[in-house]
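Asker: Next one to model:
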Amino acid sequence: MNPRKAMTIAFFALLLGIGYFSMNAAPVLSDEGYSYHGEVKWQTNYSSAVETAAAEDEPVVIYYWTTWCTYCEDYNRNVYSDPAVQSELDEFTKVAVNLDSDSESATRLQQRYNINYPPQHVVVTPEGEVLTRIPGYAAKDDFLSYLETAKQRYQAGQTENGTSQSAGNTAGRLTGAAV
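Answerer: Okay, the predicted model is just below:
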C-alpha cells in the first residue's frame, strides 16, 4: 500500500474517531428525572414540573436544547453557571426538553409552544400560559431581564400578550398542564 494512501486513511479514521467521541461525550449530565446544564438542575418531566410549580405557586421555565447546539453550551458556560442567574432561577420551576428526544411528550411540548430550533426558553404559568419567550441565546443580563419580566407578569396575573391569567385553582392548573 502506498504510504500516502495509508496516511490519508489514518487521518480520516482519526477524524471520524474524534467526531464520534465528541458527539458521545456530551457535557450535559442527566439521571432518571433530571438533566444538569451549567450548574443548574432541570427536571425532564413536564407534568411533574407543572405539579411542582402549582404546589409552590411559581412559573415554569422550559428550556429547549440539544447536545449539538453551540449556543446551548454558551448557556452552560456563561449564563447558568453565574450565581445571580442561579439565584433567580431558584424562583422558578425548571424543566429541560431535549429536542433530539424521540419522546411524545417532548414532541408535544415543542409543537405546543412552536419551538423550531435550540436554544429557546418559554416561561409559562402552571396552566401553560406563556409569560415570556427567550428566542435563541441571551447574554446573562438579558436573560435575567427576561426572567424578571416573566416573574412580574406572573405576580400581576398577566400573560405575554397582556391578557389576564385565569384565576384557576390547583385542580385547574393540573388539568391545564397536561400535554
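Asker: Only C-alpha atoms from now on, for both contacts and neighbour counts.
Answerer: Noted.
Asker: Identify all contacting residues around stretch 53-60.
Answerer: Residues outside stretch 53-60 that contact it (C-alpha atoms under 8 Å, 6 or more residues apart in numbering) are 49-50, 91-95, 123-126, 150-151, 154, 170, 173-174.
Asker: rerun that using 6 Å as the cut-off
Answerer: Contacting residues not belonging to stretch 53-60 are listed as Phe92, Thr93, Lys94, Val123, Val124, Thr125, Pro126 [C-alpha atoms under 6 Å, 6 or more residues apart in numbering].
Asker: Name the spans of this protein whose pLDDT lies under the cut-off.
Answerer: Along the chain, segments meeting pLDDT under 70 span 17, 19-32, 162-179.
Asker: Show me where it has its strands.
Answerer: If DSSP state E is used as the criterion, the strands of the chain fall at 29-30, 34-37, 40-43, 60-65, 93-98, 120-124, 130-135.
Asker: looking at those, which is closest to Asp82?
Answerer: Proximity of those to Asp82 was assessed by C-alpha to C-alpha; the nearest stretch is strand 40-43, lying at 9.8 Å.
Asker: buried residues in the closest one?
Answerer: Val40, Lys41, Trp42, Gln43 (16 or more other C-alpha atoms under 10 Å).
Asker: Sort out which one of these lies nearest Phe11 for me.
Answerer: Distances from those to Phe11 were compared by C-alpha to C-alpha; the smallest belongs to Val40, at 38.4 Å.
Asker: Just give the nearest non-adjacent residue to that closest one, would you?
Answerer: Here the nearest residue to Val40 in space, its sequence neighbours aside, is Tyr80; by C-alpha to C-alpha, 6 or more residues apart in numbering that works out to 6.3 Å.
Asker: Can you tell me the number of residues neighbouring the one you found?
Answerer: Neighbour count for Tyr80, taken as other C-alpha atoms under 10 Å: 23.
Asker: Could you check how far it is from Ile18?
Answerer: 27 Å (C-alpha to C-alpha, to the nearest Å).
Asker: which residues touch Ile115?
Answerer: Taking C-alpha under 6 Å, 6+ apart, we find Ile115 in contact with no residue.
Asker: ugh, typo on my part, it should be Ser81
Answerer: When contacts are counted by C-alpha under 6 Å, 6+ apart, Ser81 touches Gly38, Glu39.
Asker: Give me the distance between it and Ala49.
Answerer: In this structure, Ser81 and Ala49 are 22 Å apart, going by C-alpha to C-alpha.
Asker: Who are the contact partners of Ala96?
Answerer: For Ala96, the contacting residues are Trp42, Thr44, Ile62, Tyr63, by C-alpha under 6 Å, 6+ apart.
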